[in-house]
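Student: Return atomic coordinates for the entry below.
(one chain, ligands or ions: 1)
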Amino acid sequence: MAPAVRKLALTVHVTSSAGWLGAVVCFLALAVTGLSGQDAPRGRGLYPAMEVITWAAIVPLAFATLLSGVVSSLGTPWGLFRHYWVLAKLALTVFAIGVLVMQLGVIGAVADAAAMTGPSGADLRELRISLVLHSGGGLLVLLSAMVLAVYKPRGTTRYGRRAHSERPTGRRPRLIQR
Ligand code: HEM
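Tutor: Modelled structure (predicted):
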């Protein structure tokens, strides 16, 4: 990948992944407020706002992170299957997106019910707790991916070692910076 394209891909990747993390922090803040607050009129608007954050920010940023991460991997000497830290980030991201997709129905249902009847209905309590737990867990997963991205712990897969030893010079690729 040409250096300018690589920088563009990395800019998209860092922006989308940091944005995803920030949007999840906002979602979690609203979810905790909705759980603790007794203020029905305010609560009525909280859950629809969380649904907006989900569709306008979390979902597009999550897919942008995955796509730009795969592009950055395949277009650089890091590769997609050569380094454990890249593989671990791929697994964490796919897992987080899978859980997000499964939670979309719950988020919509709680938003609809809260807009109509207020958020304090007993039947909604379990779902509201589940939103706090899932977004809190999601945040931990994203933070783990962030730590992996920054520290890039050593460790090459068997495929990565083979690819490395087959390089004509046998040296580390120049573009890999720790
Ligand atoms: C929530 C998920 C993710 C977060 C928070 C994240 C965060 C980051 C950050 C902050 C960097 C810049 C690190 C630096 O330049 O020192 C980075 C780089 C990178 N990420 Fe991610 N990432 C995520 C998901 C992924 C995924 C799914 C992949 C690939 C499958 C991936 C592959 C890469 C690669 C290869 C680089 C280095 C790119 C380069 O040097 O040009 N990331 N990531």
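
Student: which residue sits closest to the closest residue to the ligand within the chain in space, ignoring its chain neighbours?
Tutor: With C-beta to the nearest ligand atom, the shortest gap between the chain and the ligand falls at Gly69, namely 2.5 Å. Any C-beta I mention is one placed from the backbone N, CA and C, and that applies to glycine too. Using C-beta to C-beta, 6 or more residues apart in numbering and skipping the chain neighbours, the partner closest in space to Gly69 is His13 (5.7 Å).

Student: Name the SS class of the one you found, please.
Tutor: Of the three states, His13 takes helix under DSSP: H, G, I helix; E, B strand; the rest coil.

Student: mind listing what Val70 touches?
Tutor: By C-beta atoms under 8 Å, 6 or more residues apart in numbering, the residues touching Val70 are 80, 90.

Student: which SSE is it in?
Tutor: helix 59-74 (DSSP states H and E).

Student: That helix: which residues count as buried?
Tutor: By neighbour count with 16 or more other C-beta atoms under 10 Å, helix 59-74 contains the buried residues 59, 61-62, 64-66, 68-73.

Student: CSV please, covering the residues you listed and showing distance to Val99.
Tutor: Listed next are those as CSV, based on distance: C-beta to C-beta, whole Å:
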residue, distance to Val99
Val59, 12
Leu61, 15
Ala62, 10
Ala64, 18
Thr65, 14
Leu66, 14
Ser68, 20
Gly69, 17
Val70, 19
Val71, 23
Ser72, 23
Ser73, 22
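
Student: ok, now which ones touch Leu28?
Tutor: Contacts for Leu28 (C-beta under 8 Å, 6+ apart) come out as 132, 135-136, 139.

Student: Give me the pLDDT for it.
Tutor: Looking at Leu28, its pLDDT stands at 98.

Student: same question, Asp39
Tutor: 63.

Student: give me the element the residue nearest to Met50 when sequence neighbours are not counted is part of.
Tutor: Nearest residue to Met50 in three dimensions, chain neighbours excluded: Leu30, at 5.0 Å (C-beta to C-beta, 6+ apart). Using DSSP H and E, the element containing Leu30 is helix 3-36.
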